[in-house]
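[1] what's the 3D shape of this:
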Amino acid sequence: MPRCQQFFAKLNRRKVLESDLLSTPLKRCLGTFDLTLLGVGAVIGSGLFVLTGTVARNVAGPAVLISYLIAGLVSLLAALCYAEFAARVPRTGSAYLFTYVTIGEFWGFLIGWNLILEYFVGTAAVSRAFSAYLDGLTGFRMRNLTYEYVTGGPWEIDHLAEYPDFFALFFVFGLSVIVCLGVNVSAKSNAILTVLNLIVIVIVIVVFSLHADVDNWKNEGGFMPFGASGVISGAGICFFAYVGFDVIAMSGEESKTPATSIPLSIVLTLAISTAAYLSVSCVLTLMVPYTEIDPEAAFTSALYDVNMIWAQYVVGIGALCAIFTSALSMLFTAPRCLYAMASDGLLFQFLAKVNPVTNVPIYGVVVSGVFAGILACIFNVEELSEFLSIGTLLAYTIVAACVLVLRYSPSLYQHQGDGDELVEVKRKSREEAKFGTLKETFQCLKFLGNYEPGTVATRATFALTVSCIVLAAFMTFAVDAIGERRIWALLLLIALVLLTLMFLFIIGIHHQNTSLTGFKVPWVPYIPAISIFVNCILMMGLNGITWIRFTVWIAVGILLYFTYSIRHSKAALHTISDTEERSLIEQPQNSSDDIQLPSRPAYNTYDSTEEQRHLPIDRSDNSVQ
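    Residues are numbered from 1 along each chain as shown. Next up, the predicted model:
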């Protein structure tokens, strides 16, 4: 039995963060402007010029702009959760790190393993899209040459592309070279192309506005020809156009002032991206009746119809810039995830090595480039995009759950600073004894008060997540029975909804940790809970083959964890037992010195209220160098 307890203790051990959260071998040189452009470059990719026309023509009609608005609001829920964690833990790792310090090592590893897949597949998908778009502009010469001299015709292999895309392969290798040159070069390249893309978007909006006709929103079924169901379906598709803002959270270790820059950059990224999507979809459907939109080339075909050839080339340049920056952002992020996991001992140590000249995890870049390049060469965009979605949604779900765990847990150790400065603040746990305990109004529920502070809320968060998954699955696969109002379906639906609300109620009747300062998600626990449920609904909409591939990838990750990671994890060096922690908590308060408690990772925070000691931060201009 002790061995079994020891085994589960290893799975649930949490990462101990250094007291100096701003110390890093990477280079802190990114300001708010740099991070915002990095996020915008990742989010506004090929979806703006491709997805908009497809959704408008086949799914939502002119109401595609409402679909984008709903998708933007849903993405904001996840973004707020990322912003809170990234501001408190300014280290590379994004959702992997947030899960590791809050829930435990095994769950953190699984999330990190999925993030690696997400970034590899994302880089490959966008690189393949870049190649296809450029090939289309040249009359598909690359594809035809490959047919003629390499394959002898299209491949007829299920789930693979019709031909090996060698241009996409070498395009990824070229991106790898840019990333290897350092964060300044990557950020500068991204900034130039993102600004150019935004200029093109403005030109498109102005040109299309000159040919706008409000009657296009009144004819052919009106503004919502596919009804409310079409708008909701469109929102589900448009949601994936917002994927990519987590690149900002992953860059926390290279931010000058993460406490303020990261939350602001994430919100600005979503605001700029949503404005671009809404504006472009609005002018497109005003200029062209939705029934006449070409899903494959909505903007260029519309401009061709009005003989604006020069504008076609402008749109082409903008699309290539958008796709390029999206691919660069994905490949920029992938090696940093490998670096974070390798630094913790969960992946091979050589991936944690940082080049002393460029301050880049060089081996991580090489590995990322090779794997992403191979995927881009042999898989088509559709197959890669499906695989990308599931990892992203899972990460969003876990991060939202981690916010709930953080908010309803007692804080034993806190870090404060304004981004450049950091001070350690020791607190006596008895002053914070109510955090994570039942509120006074609900003391009658004594059976919930017989646990350590935070325990019930943490378990209820886990139960809430599971119930959301079950409810989402039932609503997806029993939609016909629910629509036909079958008694068993309605009763089961009501039972699942009540069960989910019960777990949410249990979480809400506990005291939140009010010692946390800095950026915080508003309306907790409701916003994280809604985010969890929406993400689960979207995951259930993915096809079966995606789930099979995802299961295989998870199985490979679990095998790696139990054969390598669990034995090499550095968290074992910092783990303390609950008995030792309680003995520290229960020390008398009449001592002349404050009680110094161990640094528990789930409760380490970082904010901007005091100054104590200076750290070596690059104080150059806030823009890219």
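[2] CA atoms for contacts and neighbours, from now on please.
    Noted.
[3] how about the helices in the stretch 151-300 of the chain?
    166-180, 183-210, 227-238, 246-250, 258-287, 298-305 (DSSP state H, counting those that start in this stretch).
[4] List the buried residues in the longest one.
    Within helix 258-287, the residues scored as buried using 16 or more other C-alpha atoms under 10 Å are 258-270, 272-274, 276-287.
[5] Pretty sure Val64 sits against Val231.
    Yes. The pair formed by Val64 and Val231 meets the contact definition of C-alpha atoms under 8 Å, at 6.7 Å.
[6] The two - which one has more neighbours?
    Ranked by neighbour count (other C-alpha atoms under 10 Å), Val64 and Val231 place Val64 first, with 31 against 26.
[7] And that one, how far from Gly230?
    With distances taken as C-alpha to C-alpha, to the nearest Å, Val64 is found 9 Å from Gly230.
[8] quick one: which of the helices of the stretch 151-300 of the chain is nearest Gly436?
    helix 258-287 (24.4 Å; C-alpha to C-alpha).
[9] Check which helices and strands that closest one is in contact with.
    helix 32-43, helix 47-55, helix 64-88, helix 183-210, helix 246-250 (3 or more C-alpha pairs under 8 Å, 6 or more residues apart in numbering; DSSP states H and E).
[10] Tell me, please, where in this protein the pLDDT is lower than the cut-off.
    Within the chain, the stretches with pLDDT under 70 are 1, 17-25, 46, 296, 382-383, 385-386, 411-433, 516-517, 573-625.
[11] just the strands in it please.
    413-416, 421-426, 606-607, 613-614 (DSSP state E).
[12] Now do Leu286 against Gly318, distance only.
    21 Å.
[13] Spatially nearest residue to Leu268 (excluding sequence neighbours)?
    Thr36 (6.5 Å; C-alpha to C-alpha, 6 or more residues apart in numbering).
[14] The one you found: neighbour count?
    Neighbours around Thr36, by other C-alpha under 10 Å: 25.
[15] ok, now the one 4 residues further on?
    Residues within reach of Val40, counting by other C-alpha under 10 Å, total 33.
[16] same thing with Val556?
    Neighbours of Val556 (other C-alpha under 10 Å): 12.
[17] How about Ala311?
    Neighbour tally, Ala311, other C-alpha under 10 Å: 18.
[18] wait, what's in contact with it?
    By C-alpha atoms under 8 Å, 6 or more residues apart in numbering, the contact set of Ala311 is 204, 300, 303.
[19] Repeat that for Val283.
    Applying C-alpha under 8 Å, 6+ apart, the residues near Val283 are 205, 208-209, 212.
[20] from those residues, which is closest to Gly454?
    Ile205 (50.9 Å).
[21] The closest one touches Ser279, doesn't it?
    Yes. Shown here, Ile205 and Ser279 form a contact pair, counting by C-alpha under 8 Å, at 6.8 Å.
[22] about what we covered before: out of the helices of the stretch 151-300 of the chain, which is closest to Ala9?
    Judging the helices of the stretch 151-300 of the chain by C-alpha to C-alpha, what sits closest to Ala9 is helix 246-250, at 27.5 Å.
[23] Show me what that closest one is packed against.
    Helix 246-250 packs on helix 32-43, helix 64-88, helix 94-102, helix 258-287, helix 309-343, going by 3+ C-alpha pairs under 8 Å, 6+ apart.
[24] Give me the buried positions along it.
    246-250.
[25] ok, back up a step: overlap in contacts, Val64 and Val231.
    Joint contacts of Val64 and Val231 (C-alpha under 8 Å, 6+ apart) do not exist.
[26] quick one: Leu181 from Phe350, how far?
    Taken as C-alpha to C-alpha, the span from Leu181 to Phe350 is 19 Å.
[27] Kindly apply the preceding question to Gly244 instead.
    27 Å.
[28] before we move on, what about Gly449?
    Where Phe350 is concerned, Gly449 sits at a distance of 47 Å (C-alpha to C-alpha).
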